[in-house]
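Student: A structural model of the following input is requested.
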Amino acid sequence: MVRLAPYFPRSHGRPRVDDRRVLSGIIFVNRNGLRWRDAPKDYEPHKTLDNRWKRWSEMGVFTRMMEGLSSAGAERRTVMIDATYLKAHRTASSLAVKRGISGRLIGRTKGGMNTKLHAITDANGRPLSFFMTAGQVSDYIGAAALLDELPKAQWLLGDRGYDADRFRDTLQEKGVRPCIPVRKSRNEPIKYDKRRYRRRNRIEIMFGRLKDWRRVATRYDRCPTAFFSAIALAATVIFWL
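Tutor: Next comes the predicted model:
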């Protein structure tokens, strides 16, 4: 709590309910994939948890927690990039006829309705930044968005899905050396450090650990801001505390 307290918004007027208890309840609900009304009574009334969650999500509190803690302890000499699909529950993708689902960052793929999470991690597989798109969006779009916030690294590891001349050129302009295997369709092979590339499984492990949180593995939230906050909170608790 000492490390998290600087990221809490200031309380104005009436004193806030105990931050530690409410945050513990929010973590419990997100980890176990519960409805807010199913939270144990030890964590205050469920309406308090729900209101705090919505308010702090809109303020970006949970995202700032992850970014702030990661900026101090990350190993940034080598970074990794990848993307994964997160299944959208029917409660998140409903009302498609009336409102459309593009603004919710949910798209139809071969596996159904999904959201795609793009991530950059440090050398130890700990997340540094995320970007969320609809499931059918290309990995290149997520990569382009993440490159704007790419830390000063010497190497970037990615699978062959990121083997594109434009992507490689952008990395070189930033002074980052790509360690990416080539696509089978490429005529001229490009050498890469196979020994260094073996570390890339750590970002896959990171995705797996994030999906241990049920509200991350399955998207129940219609609001993309709330869902993104769930991902940031899970990453903070698992990797940066």
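Student: what's the following helix or strand after the lowest-mean-pLDDT helix or strand in the chain?
Tutor: Lowest on mean pLDDT, DSSP states H and E among the helices and strands of the chain sits helix 96-99, with a mean of 46. Downstream of helix 96-99, the first helix or strand assigned by DSSP states H and E is strand 107-109.
Student: Skipping its backbone neighbours, what lies nearest residue 166 in space?
Tutor: residue 140 (7.9 Å; Cβ to Cβ, 6 or more residues apart in numbering). Every C-beta, even on glycine, is put in place using the N, C-alpha and C of the backbone.
Student: Quick check on the residue most central in space within the chain: phi, psi?
Tutor: The centre of the chain sits closest to residue 130, judged by Cα atoms, centre = their mean, with a distance of 4.2 Å. Phi and psi for residue 130, reported as degrees, to the nearest 10, are phi -130, psi 160.
Student: mind checking pLDDT for it?
Tutor: Residue 130 is assigned a predicted lDDT (pLDDT) of 96.
Student: That one touches residue 119, doesn't it?
Tutor: Yes - Residue 130 lies in contact with residue 119 (Cβ atoms under 8 Å); the separation is 5.3 Å.
Student: Let's see stretch 232-241 as PDB, backbone CA atoms only.
Tutor: C-alpha atoms of stretch 232-241 as PDB (Å, rounded to 0.1, in the frame of the first residue of the first chain):
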ATOM      1  CA  ALA A 232      -3.500  -3.100 -15.800                       C
ATOM      2  CA  LEU A 233      -4.500  -4.000 -12.200                       C
ATOM      3  CA  ALA A 234      -3.700  -7.700 -12.800                       C
ATOM      4  CA  ALA A 235      -0.300  -6.800 -14.300                       C
ATOM      5  CA  THR A 236       0.400  -4.600 -11.300                       C
ATOM      6  CA  VAL A 237      -0.400  -7.200  -8.700                       C
ATOM      7  CA  ILE A 238       1.300 -10.100 -10.500                       C
ATOM      8  CA  PHE A 239       4.500  -8.500 -11.700                       C
ATOM      9  CA  TRP A 240       5.200  -5.200 -10.000                       C
ATOM     10  CA  LEU A 241       4.200  -5.600  -6.300                       C
END
